[in-house]
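Trainee: Structure, please.
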Amino acid sequence: MPSTELLIAFLATTAIFAFIPGPAMLYVAAQTLARGRWSGLMSSFGIHLGGYVHVFAAAAGLSVLFHAVPVFYMAVKFAGAAYLVWLGVSLFRAGAEGGLAMPGVEPKSGKRAFFESVTVEVINPKTAIFFMAFLPQFIDASAAFPVWVQFVLLGTIVNLMFSVADVAGVLLADAVIARLRGSSQAQSLMRRAGGATLVGLGVHLAFQKS
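Mentor: Numbers count the residues shown, from 1 in each chain. Below is the predicted model of the structure:
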């Protein structure tokens, strides 16, 4: 493993990245506002599991494809953005209809939120680029563990720490919902706010400079 000094720097830097509100935290908060705490927690779990795809891809060197083939990167990027916008519009329309469920889905479907979130994370090329750019800064080629093992171990720590921050975002969003739970109009507004947040995240991803 890397030296103690390198590990301390790694943990400190990871904590800073994790707890500064970012797209993942906003995403799980939006799911919580729209569908409730359980769906928010399942969204966090889905993003967490999806993150391991990028961890193992980085360990195997597959993330380099995004740099080597820009067209592939852009295709995945716009697919992810379109999916976020579609999710957001679906939630927004449900809120505009008075908080009714989306077609064939219960308003607080944790299962749906989980699978949506795994998909969102897996097709997010920004996550792949982050792991590929961040983890090598703390890899020690002379350590006892092989480089790929260090990638997996450090990537797992990053993923866990980001998930802790995401769960904190869910709990904060749920605290807001708790104050408005008695009003059906407020619940509808929260669903629309969650949908609008997802649309905003999708647009941001689409137009963000690579």
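
Trainee: So for this protein, the centremost residue is which one?
Mentor: Nearest residue to the geometric centre of the chain (CA atoms, centre = their mean): residue 24, 3.3 Å.

Trainee: Residue 166 is in contact with that residue, correct?
Mentor: Yes. Proximity of residue 24 to residue 166 meets the contact threshold set by CB atoms under 8 Å, at 5.7 Å. Any C-beta I mention is one placed from the backbone N, CA and C, and that applies to glycine too.

Trainee: which SSE is the nearest residue to residue 92 once chain neighbours are set aside in?
Mentor: Sequence neighbours aside, residue 195 is the residue nearest to residue 92 in space, at 3.1 Å (criterion: CB to CB, 6 or more residues apart in numbering). Assigned by DSSP states H and E, residue 195 falls within helix 184-207.

Trainee: With just CA atoms, put that helix into CSV.
Mentor: C-alpha atoms of helix 184-207 as CSV (Å, rounded to 0.1, in the frame of the first residue of the first chain):
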residue,chain,number,x,y,z
SER,A,184,-50.4,17.5,-0.6
GLN,A,185,-49.7,20.7,-2.6
ALA,A,186,-46.2,20.8,-1.0
GLN,A,187,-45.6,17.2,-1.8
SER,A,188,-46.5,17.8,-5.4
LEU,A,189,-44.1,20.8,-5.4
MET,A,190,-41.3,18.7,-4.0
ARG,A,191,-41.8,16.1,-6.7
ARG,A,192,-41.7,18.8,-9.4
ALA,A,193,-38.6,20.3,-7.7
GLY,A,194,-36.9,16.9,-7.7
GLY,A,195,-37.8,16.5,-11.4
ALA,A,196,-36.5,19.9,-12.3
THR,A,197,-33.2,19.2,-10.4
LEU,A,198,-32.7,16.0,-12.5
VAL,A,199,-33.4,17.9,-15.7
GLY,A,200,-30.9,20.5,-14.7
LEU,A,201,-28.3,17.9,-13.9
GLY,A,202,-28.8,16.3,-17.3
VAL,A,203,-28.5,19.7,-19.1
HIS,A,204,-25.4,20.5,-17.1
LEU,A,205,-23.8,17.1,-18.0
ALA,A,206,-24.6,17.6,-21.7
PHE,A,207,-23.1,21.1,-22.0
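
Trainee: Where does pLDDT dip in the chain?
Mentor: Counting by pLDDT under 70, the low-confidence segments of the chain come to 1-2, 63-67, 94-108, 180-187, 190-191, 205, 209-210.

Trainee: Quick one: the helices in it, in order.
Mentor: 4-19, 23-35, 37-60, 64-68, 70-96, 110-122, 125-134, 147-180, 184-207 (DSSP state H).

Trainee: got CSV for those, with distance to residue 141 too?
Mentor: Output for the helices of the chain, formatted as CSV (distance: least, CB to CB, whole Å):
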stretch, distance to residue 141
helix 4-19, 12
helix 23-35, 30
helix 37-60, 14
helix 64-68, 17
helix 70-96, 27
helix 110-122, 29
helix 125-134, 16
helix 147-180, 6
helix 184-207, 33
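
Trainee: So which of these is the most surrounded?
Mentor: Comparing those by mean neighbour count (mean count of other CB atoms under 10 Å), helix 23-35 comes out on top with a mean of 27.
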